[in-house]
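Engineer: Fold the following, please.
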Amino acid sequence: MNPELFIALGLGVALLTLGHCLSQRAERRHQQALGKLENRTLQRCLELLQALQKHRGLGAQQDLHSVSQRNALARQLDELWLNWPGTSLQLPPLQQHWPLLRRKPADFEAHSRLIDALLEVIEQLEDRLYQHQHPAIRGLGEACRALEDLARLRGLAVRAANYSRCPAGLQMQMRFLCERLDTQSPDQTLHALLERLRQELIESPQVRLAPADCFALLTPLIDQRLQGIRLTLA
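Structural biologist: Numbers count the residues shown, from 1 in each chain. Predicted structure coming up:
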């Protein structure tokens, strides 16, 4: 073989090999950067979930303390929705729904719809991160949905406590959630809280809990469970 041709072929093979190696390295770096962005977005989703659930829970309250808390949460949510990475991660543009909710804090079902859409995003990110070798993340979405049952119960209880007797519609929804939560978890602390809600609010002929009592009763457990979920991402 002509020496010049041999050298040219050798250089060609070397360049192809180098190009392949560089391409693989670039792909690894891209996947690593994408995984970090997905992880940060998932962390932000959990913060959004917590703030939205609390904002919903306080939505119908007009006392000074509740309004102050709700306004602080609204400002926090303003920050959390900034630069939502919907386009870069091919996620739905959830941030566009927040301004209306901010103006209508008492719209319980609109909050719940946005929270449900956020839970779907959490499950989507869970699947992606699981594929990127994060096996400990499996079950995150399910845990967040169980947390939403508890947070929804809190919001309904706060609303029901504004009446002298628990309205039938709220009573039916809370009974269902209490039964499901009891089935999901053998947690004695949770069981005791549910029993108190049943006795002093849901089944009581006279409501014996104030709205602020209902919010304070369930919030520590919700926050504790959310912190446990966050630890799975550490």
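Engineer: From here on, just use CA atoms for contacts and neighbour counts.
Structural biologist: OK.
Engineer: Could you pull out the buried residues of stretch 198-218?
Structural biologist: Going by neighbour count (16 or more other C-alpha atoms under 10 Å), the buried part of stretch 198-218 is 198, 200-202, 207-212, 214-215, 217-218.
Engineer: swap in stretch 115-125?
Structural biologist: Using 16+ other C-alpha under 10 Å as the burial criterion, the residues of stretch 115-125 that qualify are 115, 118-125.
Engineer: what's in contact with it?
Structural biologist: With contact meaning C-alpha atoms under 8 Å, 6 or more residues apart in numbering, stretch 115-125 is reached by 38-39, 42, 45, 49, 52-53, 91-92, 94, 140-141, 144-145.
Engineer: Repeat that for stretch 152-166.
Structural biologist: 53-54, 56-58, 60, 167, 170, 174, 177-178, 197, 201-212, 214-215, 218-219.
Engineer: Swap in 6 Å and give it another go.
Structural biologist: Residues outside stretch 152-166 that contact it (C-alpha atoms under 6 Å, 6 or more residues apart in numbering): 57, 202, 206-207, 210-211, 214.
Engineer: how about these, which pair is most distant?
Structural biologist: Using C-alpha to C-alpha, the pair of those lying farthest apart is G57 and Q206, separated by 21.5 Å.
Engineer: so the spatially most central residue of the chain is in which element?
Structural biologist: Central residue of the chain (C-alpha atoms, centre = their mean): L49, 3.5 Å from the mean position. According to DSSP states H and E, L49 maps onto helix 3-57.
Engineer: pLDDT of that helix, averaged?
Structural biologist: Mean pLDDT, computed over helix 3-57, is 70.
Engineer: what's the answer for stretch 168-175, then?
Structural biologist: For stretch 168-175, the mean per-residue pLDDT is 96.
Engineer: Restrict that stretch to CA atoms and write it as CSV.
Structural biologist: Provided in CSV are the C-alpha atoms of stretch 168-175 (Å, rounded to 0.1, in the frame of the first residue of the first chain):
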residue,chain,number,x,y,z
ALA,A,168,-73.2,17.3,54.0
GLY,A,169,-71.1,17.7,50.9
LEU,A,170,-67.9,18.4,52.8
GLN,A,171,-68.8,15.7,55.3
MET,A,172,-69.0,13.1,52.5
GLN,A,173,-65.7,14.1,51.0
MET,A,174,-63.9,14.1,54.3
ARG,A,175,-65.3,10.7,55.3
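Engineer: who touches it?
Structural biologist: I202.
Engineer: Kindly recompute the last result at 10 Å.
Structural biologist: Residues from elsewhere that reach stretch 168-175 (C-alpha atoms under 10 Å, 6 or more residues apart in numbering): 149-150, 152-157, 159-160, 165-166, 177, 180-181, 194, 197-198, 201-203.
Engineer: Kindly give a single PyMOL line that selects the buried subset of these.
Structural biologist: Filtering the contacts of stretch 168-175 down to the buried ones (16+ other C-alpha under 10 Å) takes a single PyMOL command:
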select buried, resi 149+150+152+153+154+155+156+157+159+160+165+166+177+181+194+197+198+201+202
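Engineer: For R75, list the residues it contacts.
Structural biologist: R75 neighbours (C-alpha under 10 Å, 6+ apart): R102.
Engineer: Helix or strand: which one has it?
Structural biologist: Secondary structure (DSSP H and E) places R75 in helix 64-81.
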